[in-house]
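> Structure here, sequence nowhere to be found:
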């Protein structure tokens, strides 16, 4: 069916597609390659003087340095920072999923007084910029003597992530067919067992995505941590990274900044790529439903 | 008995979350709304009660007095310019690349796709710090790349134009993959036959895209664009860590400016008032968008 003219045009089109995609891929990969090359380069210079997208002398020195001395502060080990980050991120994720899943299920399935108001409330809450609760949380947590502790910070993170978690999970539960629960109830299953053993497994992708969002929020958060925390023993990995750049870190070579960036990003990047399909469909489905 | 049980069960599910949210989300926001009408600042943290100042904070922010040294209309204007230009790039690049990837008979599309979604997976905070270094005048990858072509790169954050280009590049890098992924998912749902039928009728590639594909993509794209609008409007990390407001506060957006009142200025009352103004603006946009999308759907 293809005429010769059509074949030529489609060849040109295919070539153009490759050109466009290759150019965009270079743009996407350029910073990543730069950071990886810096992190793996043995170079002795503090800041790069020429552009390298491939390490000249590959070595793991920068990673060793970062693991041995993540910050300039004496007595703070990499493991302490990582543990604080993990506790914050894990705590936020658990709060999101445990509280969020129950509340979202109620909003998805039951009719109760205040349901509509609650749903509208979540929408409105998400329109408050994070900075709106920052000043009051600073004041309130200060007066409770919780501001400089990891517990206080975890509360602040939960404050920001819970509305989104509930909203997102409600969208997931809405897609789980009701017939299965009705069948379970007919078989004599109580409401809580139905929820735990029938509904939750079917909502696994949405639960995974919400857990990831809660974890990410705690793992890479910097502004609240930087503003609230004072005791170096409570500092996090992302604070150590901020410590290495700009006005704070003129003494650290960029190779170490690059190495810590990779250590901080790698777990997130891998999980995001593994869950990408669920994340994109979940986000758009949740917002269409309304 | 039955009705009572029916109303107690939802409460058992909602109760814990409702209590926590009332304490950590709702109460701080209500407290913040109250603070917006006071002169709460660092010195009030210990014991002094702040004074009620009425609308003075709002008046100072919106330009009634010069006390804060900012121009609200200018910041809002830049915030809108920032959002619209970014979304234009995100959507055109995202849709364009998704269309290219969707081309039948394209080899290596999985490889391209893997490279193109990588920026989306990197945490925005790390992306921002990295791009700030990329635009460093002496050691940044961008100027070193330009130097290897014999071009002397600029001091990116010394002038508004180049600083805007730098923050824009960063945000385009981290934002286009999402639009591409959303479009790809939308394209899968469109039957290829409609395209082929249009081609048989003699429609050009552009006509097929404009009149066949794009209308069918609308239900997927519209919610993604609305979400992207709010995300970009409130894109704190890029403007705070890459732009840093340089030069002279000219790349400050509303949320970064509001944060400056928390830290380092410690003007918590002013910050709360500022946040409340941002909320009202976003609420306005959202209501407008809801009305617009409803109008589109009804047509």
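Sure, I can see it. Only a predicted model underlies this, so the values are computations on that prediction, with no experimental measurement involved.

> what separates the residue positioned nearest the centre of chain A from chain B, distance-wise?
For chain A, residue A:216 is the residue whose C-alpha lies nearest the centre (C-alpha atoms, centre = their mean; 2.4 Å). As for residue A:216, its distance to chain B is 7 Å (criterion: C-beta to the nearest C-beta, to the nearest Å). The way it works is simple: take the backbone N, C-alpha and C, and place the C-beta from them, glycine included.

> secondary structure element for that residue?
helix A:204-219 (DSSP states H and E).

> hmm, the helix or strand just after that helix touching chain B?
The C-terminal neighbour of helix A:204-219 among helices and strands, as given by DSSP H and E, is helix A:223-228. Yes: counting by C-beta under 8 Å from any C-beta of the partner chain, contacts between helix A:223-228 and chain B involve A:223, A:227.

> what packs against helix A:223-228?
helix A:130-143, helix A:150-174, helix A:237-243 (3 or more C-beta pairs under 8 Å, 6 or more residues apart in numbering or on different chains; DSSP states H and E).

> Now tabulate these in TSV and tack on distance to chain B and mean neighbour count.
Formatted as TSV, those follow (distance: least, C-beta to the nearest C-beta, whole Å; neighbours: other C-beta atoms under 10 Å in any protein chain shown):
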stretch	distance to chain B	mean neighbour count
helix A:130-143	3	23
helix A:150-174	4	23
helix A:237-243	6	23
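
> Redo these as JSON lines? Include mean pLDDT.
Shown next, in JSON lines, are the helices and strands packed on helix A:223-228 (pLDDT from 0 to 100):
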{"stretch": "helix A:130-143", "mean pLDDT": "86"}
{"stretch": "helix A:150-174", "mean pLDDT": "87"}
{"stretch": "helix A:237-243", "mean pLDDT": "91"}
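
> Tally up the residues packed near residue 12, please.
Chain wasn't specified; assuming chain A. The tally of other residues near residue A:12 (other C-beta atoms under 10 Å in any protein chain shown) stands at 10.

> wrong chain, I was asking about chain B
Residue B:12 has 12 nearby residues by other C-beta under 10 Å.

> Need phi/psi at it.
phi -60, psi -30 (degrees, to the nearest 10).

> what pLDDT does it get?
On pLDDT, residue B:12 comes in at 87.

> gap between it and residue A:194?
13 Å (C-beta to C-beta, to the nearest Å).

> Tell me the predicted confidence for the residue nearest the centre of chain B.
Geometric centre of chain B, nearest residue: residue B:232, 1.5 Å, by C-alpha atoms, centre = their mean. pLDDT, residue B:232: 95.

> which residues sit in contact with it?
By C-beta atoms under 8 Å, 6 or more residues apart in numbering or on different chains, the contact set of residue B:232 is B:82-83, B:86-87, B:90, B:171, B:175.

> Show me what counts as buried in the one helix or strand it maps to.
Per DSSP H and E: residue B:232 is located in helix B:214-233. Buried positions in helix B:214-233, judged by neighbour count with 16 or more other C-beta atoms under 10 Å in any protein chain shown: B:217, B:220-233.

> for stretch B:31-46, same thing?
Residues of stretch B:31-46 classed as buried: B:31-33, B:35-41, B:44 (neighbour count, 16+ other C-beta under 10 Å).

> can you tell me if it touches chain A.
Yes: using C-beta under 8 Å from any C-beta, stretch B:31-46 reaches chain A at B:31-32, B:35, B:40, B:44-45.

> Format those as JSON lines; extra columns: pLDDT, secondary structure and distance to residue A:63.
Shown next, in JSON lines, are these (pLDDT from 0 to 100; DSSP: H, G, I helix; E, B strand; the rest coil; distance: C-beta to C-beta, whole Å):
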{"residue": "B:31", "pLDDT": "91", "secondary structure": "helix", "distance to residue A:63": "44"}
{"residue": "B:32", "pLDDT": "91", "secondary structure": "helix", "distance to residue A:63": "42"}
{"residue": "B:35", "pLDDT": "92", "secondary structure": "helix", "distance to residue A:63": "45"}
{"residue": "B:40", "pLDDT": "88", "secondary structure": "coil", "distance to residue A:63": "45"}
{"residue": "B:44", "pLDDT": "80", "secondary structure": "helix", "distance to residue A:63": "46"}
{"residue": "B:45", "pLDDT": "79", "secondary structure": "coil", "distance to residue A:63": "41"}
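
> Show me how far the helix or strand bottoming out on mean pLDDT in chain B is from its chain's centre.
Least confident helix or strand, chain B: helix B:2-21 with a mean of 76, by mean pLDDT, DSSP states H and E. Distance of helix B:2-21 from its chain centroid, counting by C-alpha atoms, centre = their mean, to the nearest Å, is 35 Å.

> For it, name the packing helices and strands.
helix A:78-109, helix A:150-174.

> Remind me what the last one packs against, helices and strands.
The one in question is helix A:150-174. helix A:78-109, helix A:115-125, helix A:130-143, helix A:204-219, helix A:223-228, helix A:254-289, helix B:2-21.

> got the buried residues for the fourth one?
Going back to what we said before, that points to helix A:204-219. Counting neighbours by 16+ other C-beta under 10 Å, the buried set in helix A:204-219 is A:205-219.

> Quick one: residues in contact with that helix.
In contact with helix A:204-219 (C-beta under 8 Å, 6+ apart) are residues A:85, A:88-97, A:100-101, A:154, A:157, A:160-161, A:164-165, A:168-169, A:171-173, A:200, A:237-238, A:264, A:267-268, A:271-272, A:275, A:278-279, A:282, B:123.

> got the angle for it vs helix A:78-109?
Put simply, helix A:204-219 runs at 140 degrees to helix A:78-109, going by axes from the mean of the first three to the mean of the last three C-alpha atoms, to 10 degrees.

> Report the rounded mean pLDDT for helix A:204-219.
89.

> Tell me how far residue A:51 lies from residue B:288.
Taken as C-beta to C-beta, the span from residue A:51 to residue B:288 is 46 Å.

> neighbour count winner among the two?
Between residue A:51 and residue B:288, counted using other C-beta under 10 Å, the more crowded position is residue A:51 (18 against 10).

> From chain B, how far off is the more buried one?
In terms of C-beta to the nearest C-beta, residue A:51 sits 4 Å off from chain B.

> ok, residue A:126 - how many residues close by?
By other C-beta under 10 Å, 15 other residues sit near residue A:126.

> Tell me how far it lies from residue B:261.
For residue A:126, the distance to residue B:261 - C-beta to C-beta - is 22 Å.

> Then residue B:63?
Taking C-beta to C-beta as the measure, residue B:63 falls 15 Å from residue B:261.

> Look at the two and report which has more neighbours.
Neighbour count, other C-beta under 10 Å: between residue B:63 and residue B:261, residue B:261 has more, with 26 against 13.

> With adjacent residues omitted, what lies nearest to that one?
Spatially, and ignoring its direct neighbours in sequence, residue B:261 is nearest to residue B:271 (3.8 Å; C-beta to C-beta, 6 or more residues apart in numbering or on different chains).

> The one you found contacts residue B:262, doesn't it?
Yes: in this structure residue B:271 lies within contact range of residue B:262 using C-beta atoms under 8 Å: 4.7 Å.

> hey, what's in contact with both of these two?
A:131, A:134-135.

> returning to that earlier point: quick check: angle from the least confident helix or strand of chain B to helix A:78-109?
150 degrees.

> if I pick residue A:101, what's in contact with it?
By C-beta under 8 Å, 6+ apart, the residues touching residue A:101 are A:169, A:200, A:203, A:207, A:210.

> how many neighbours does residue B:200 have?
9.

> let me redo that: residue B:250
Neighbours of residue B:250 (other C-beta under 10 Å): 17.

> Just confirm it is within a strand.
No: assigned with DSSP: H, G, I helix; E, B strand; the rest coil, residue B:250 falls outside any strand and is coil.

> My read is that it contacts residue B:81, right?
No: applying C-beta under 8 Å as the test, residue B:250 and residue B:81 come out as separate, 11.4 Å apart.

> Pull the contacting residues for residue 90.
Went with chain A since none was named. Residue A:90 neighbours (C-beta under 8 Å, 6+ apart): A:215, A:218.

> ah, I was thinking of chain B
B:172, B:175-176, B:178-179, B:228, B:232.
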